[in-house]
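K.L.:
Everything below, folded, please.
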Amino acid sequence: MEQQINAIYALQKSSLQRLKNASSASRIEKLRSIETYMLAHKQSLFDALYADFRKPSSEVIIAELLGVKKEINYMIKHLKSWMKPQKVGTPLMLIGTQGQIQLEPKGMCLIIAPWNYPFNLAINPLVHAIAAGNAIMLKPSEMSEHTSAFINKMITALFDPSEVAVFEGDASVASYLLEQKFDHIFFTGSPIIGKKVMEAASKHLCSVTLELGGKSPAIVDESADISSSAQKIAWGKFLNNGQTCIAPDFLYVHEKVNFQFLQALEQSIASFYGTGSEIAKSKDYARIVNKRHFNRIKHLFDEAVLQGAKVLIGGDFDESTCFMSPTILTNCNVDMQIMQEEIFGPILPVITFKNEVEITGYLSREEKPLALYIFSQNQIFSDFIVQNTSSGSCLINDCLIQFGHDELPFGGVNNSGIGKSGGKFGFLEFSHAKSVLVQKTNFVRYFYPPYTAKRKWLIEQVLKWF
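P.N.:
Model (predicted):
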């Protein structure tokens, strides 16, 4: 594998100028080929994702195919205009010059994709990197091996390895790739691994995009629409069996509506997946990706219950099939490990609150989350939370949908991520904004040495003027 990586690295390095000079039409053709292939072979993708963690085909369309298709079409619509040099204004002191910003590809790019949305979160950054004119090495996750094989087959069919290449394998493959000198690394995963990626990138002063995670809170105010809020939170939390980086990781509910809301939440879960033993038979409910993650989440659950958390809904586990039912825990407190570590599974701890100061006080002490959800019809309450917290994104009265907004940047802050993606922000992440300034050839500058009395006087006048 190391020899293969070295050979393709050299091949891609020699292709950078050709890729940089590729027209918008050429890049668009490549993007269209991805869309055509994935739609023509969507049943194979359904099968791969089902084999990896029993992901329902409807979820594959919603959370994998639709996002990529939308991103490709957005790139196609705007790419030509984005690639044009952007003229800028001229400051008074530099009158006579003409300035512009030229976006050029960063060059050699590495994309390390996660397992939870293994197609979407591999191909979306790939789309941005191709649109920007880069050469790309893509490392999909070994934990979603069937989907990784599908991606490898697709890329091999569509691209010459001098442009895009896929490397399957375990963490040792990723480690060797990170030893290479890339111009940009795009990583999606946990903050722990994100730190290692950033450390490796620092050796080559390589820029990074880190799409990480954290404990994203959902807050239900006393003014919230109870039924609608419960349905949206249930969908956002239990989609993909809770294995979503922007899923609500814990829940703050105002004490006045706590009982009513939890009833509505239980009804929403039942309407989605059934009750009791019906849930395990549901064709619409995915599984935990493997036993290692299953046991990690089960440990968090067991410890919380041992420390006094109460199981309101769920609590059913089957290690042999990695089944974990939608589970709501009440009587939780912030000192429990389940409130310290990202759950990344279908368990939702609930804490009640009396006023917004309790929430902002707690959140200000914790790591900044990737997402924050507010359910309220009270604009004063919502504005207070938005202004007094920090998060990668903030969504009011819904869950997850911010990821699909073309005109908004997606990404974290500090522990939850560095850099942005989505729409033009993704294109810019894989581009270098180069300043180009043109001066008239016959321009005469009066500020060269020697600094005579007259010239010193002129320089002083400039300082006063500006």
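K.L.:
Quick one: the helices in the stretch 101-250 of the chain, in order.
P.N.:
With helices called from DSSP state H, counting those that start in this stretch, the stretch 101-250 of the chain shows them at 120-132, 145-158, 171-178, 191-202, 226-238.
K.L.:
and T452, which of the ones you listed is closest to it?
P.N.:
Closest approach to T452 among the helices of the stretch 101-250 of the chain is made by helix 191-202 (48.3 Å; CB to CB). Every residue, glycine included, has its C-beta placed from N, CA and C.
K.L.:
In three-state terms, how would T36 be classified?
P.N.:
Three-state call for T36 (DSSP: H, G, I helix; E, B strand; the rest coil): helix.
K.L.:
Count the residues that sit near it.
P.N.:
12 (other CB atoms under 10 Å).
K.L.:
can you check F381 too?
P.N.:
20.
K.L.:
show me what contacts it?
P.N.:
D221, S223, E356, I374 (CB atoms under 8 Å, 6 or more residues apart in numbering).
K.L.:
Repeat that for K215.
P.N.:
K215 neighbours (CB under 8 Å, 6+ apart): D249, F250, M339, E341, E342, I343, E366, E367, P369.
K.L.:
Among the contacts of F381, which lie within strands?
P.N.:
Members of the contacts of F381 lying in strands (criterion: DSSP state E): I374.
K.L.:
Where does confidence bottom out across the contacts of F381?
P.N.:
Among the contacts of F381, E356 has the lowest pLDDT, at 93.
K.L.:
Look up which helix or strand the spatially closest residue to it that is not a sequence neighbour falls in, please.
P.N.:
Leaving out its chain neighbours, the residue that sits closest to E356 by CB to CB, 6 or more residues apart in numbering is F384, at 5.3 Å. Following DSSP states H and E, one finds F384 within helix 379-387.
K.L.:
before we move on, what about A304?
P.N.:
Judged by DSSP H and E, A304 forms part of helix 291-306.
K.L.:
The strand or helix carrying I359 - contacts with which helices or strands?
P.N.:
Assigned by DSSP H and E, I359 belongs to helix 356-365. On a contact count with 3 or more CB pairs under 8 Å, 6 or more residues apart in numbering; DSSP states H and E, helix 356-365 meets strand 217-220, helix 379-387.
K.L.:
Can you name the element that comes right after the helix holding F384?
P.N.:
By DSSP H and E, the next helix or strand past helix 379-387 is strand 393-396.
K.L.:
counting contacts, what elements does that next one pack onto?
P.N.:
Going by 3+ CB pairs under 8 Å, 6+ apart, strand 393-396 lies up against strand 371-375, helix 379-387.
K.L.:
6 Å instead, please
P.N.:
The contact analysis (3 or more CB pairs under 6 Å, 6 or more residues apart in numbering; DSSP states H and E) places strand 393-396 against strand 371-375.
K.L.:
Can you list the residue ranges for strands in the stretch 51-200 of the chain?
P.N.:
Along the stretch 51-200 of the chain, counting by DSSP state E, counting those that start in this stretch, strands occupy 86-88, 98-105, 108-112, 135-139, 164-166, 184-188.
K.L.:
for those, which one sits closest to E199?
P.N.:
Of the strands of the stretch 51-200 of the chain, the one closest to E199 (CB to CB) turns out to be strand 184-188, at 11.2 Å.
K.L.:
Measure how far that closest one is from the centre of its chain, please.
P.N.:
On the basis of CA atoms, centre = their mean, to the nearest Å, strand 184-188 sits 11 Å off its chain's mean C-alpha point.
K.L.:
What distance do you get for the residue most central in space within the chain to H128?
P.N.:
In the chain, the centroid-proximal residue (CA atoms, centre = their mean) is E211; its distance is 4.5 Å. E211 is 12 Å from H128, where distance means CB to CB, to the nearest Å.
K.L.:
swap in E303?
P.N.:
40 Å.
K.L.:
Kindly report the same for F259.
P.N.:
46 Å.
K.L.:
I figured the residue nearest to E356 hits V357, correct?
P.N.:
No - F384 is beyond contact range of V357, at 8.8 Å (criterion: CB atoms under 6 Å).
K.L.:
These two - which one has more neighbours?
P.N.:
Between F384 and V357, F384 has the larger neighbour count (other CB under 10 Å), namely 18 against 11.
K.L.:
hmm, back to that, just put the contacts of K215 in TSV and tack on neighbour count.
P.N.:
As requested, the contacts of K215 are exported to TSV (neighbours: other CB atoms under 10 Å):
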residue	neighbour count
D249	28
F250	24
M339	21
E341	15
E342	22
I343	23
E366	15
E367	19
P369	28
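K.L.:
Against G194, how distant is E211?
P.N.:
Counting by CB to CB, the gap from E211 to G194 is 8 Å.
K.L.:
try A304
P.N.:
For A304 relative to G194 (CB to CB), the value is 26 Å.
K.L.:
circling back to that earlier point, what residue, apart from its backbone neighbours, is nearest the residue nearest to the centre of the chain spatially?
P.N.:
Using CB to CB, 6+ apart, the closest residue to E211 is T188 (4.1 Å).
K.L.:
Could you report the pLDDT at the one you found?
P.N.:
So T188 comes in at 97 (pLDDT).
K.L.:
Then M83?
P.N.:
Value for M83, per-residue pLDDT: 97.
K.L.:
Around it, count how many other residues there are.
P.N.:
19.
K.L.:
List the contacts of the helix-or-strand element of the chain with minimal mean pLDDT.
P.N.:
One helix or strand of the chain scores below all others by mean pLDDT, DSSP states H and E: helix 453-465, with a mean of 86. Residues from elsewhere that reach helix 453-465 (CB atoms under 6 Å, 6 or more residues apart in numbering): none.
K.L.:
what distance separates it from the middle of the whole chain?
P.N.:
52 Å.
K.L.:
who's in contact with V257?
P.N.:
E222.
K.L.:
Quickly note the distance from it to K42.
P.N.:
The separation that V257 has from K42, given CB to CB, amounts to 42 Å.
K.L.:
Check K55 too.
P.N.:
From K55 to K42 the distance is 13 Å (CB to CB).
K.L.:
ok, these two, which is more surrounded?
P.N.:
Remark: of K55 and K42, K55 carries more neighbours, 30 against 15, as counted by other CB under 10 Å.
K.L.:
Just the pLDDT for the closest residue to the more buried one other than its chain neighbours.
P.N.:
Spatial nearest neighbour of K55, excluding adjacent residues (CB to CB, 6+ apart): L49 at 4.1 Å. For L49, the pLDDT comes out at 97.
K.L.:
name the element L49 belongs to?
P.N.:
Going by DSSP H and E, L49 is in helix 42-53.
K.L.:
Tell me which other helices or strands that helix touches.
P.N.:
With 3+ CB pairs under 6 Å, 6+ apart as the test, helix 42-53 has helix 57-60, helix 145-158 packed against it.
K.L.:
which secondary structure elements does the first one contact?
P.N.:
Translated: helix 57-60. Using 3+ CB pairs under 6 Å, 6+ apart, helix 57-60 sits against helix 42-53.
K.L.:
what's the answer for the longest one, then?
P.N.:
In this structure, helix 145-158 packs against helix 42-53, strand 164-166, with contacts taken as 3+ CB pairs under 6 Å, 6+ apart.
K.L.:
Thank you kindly, that will do.
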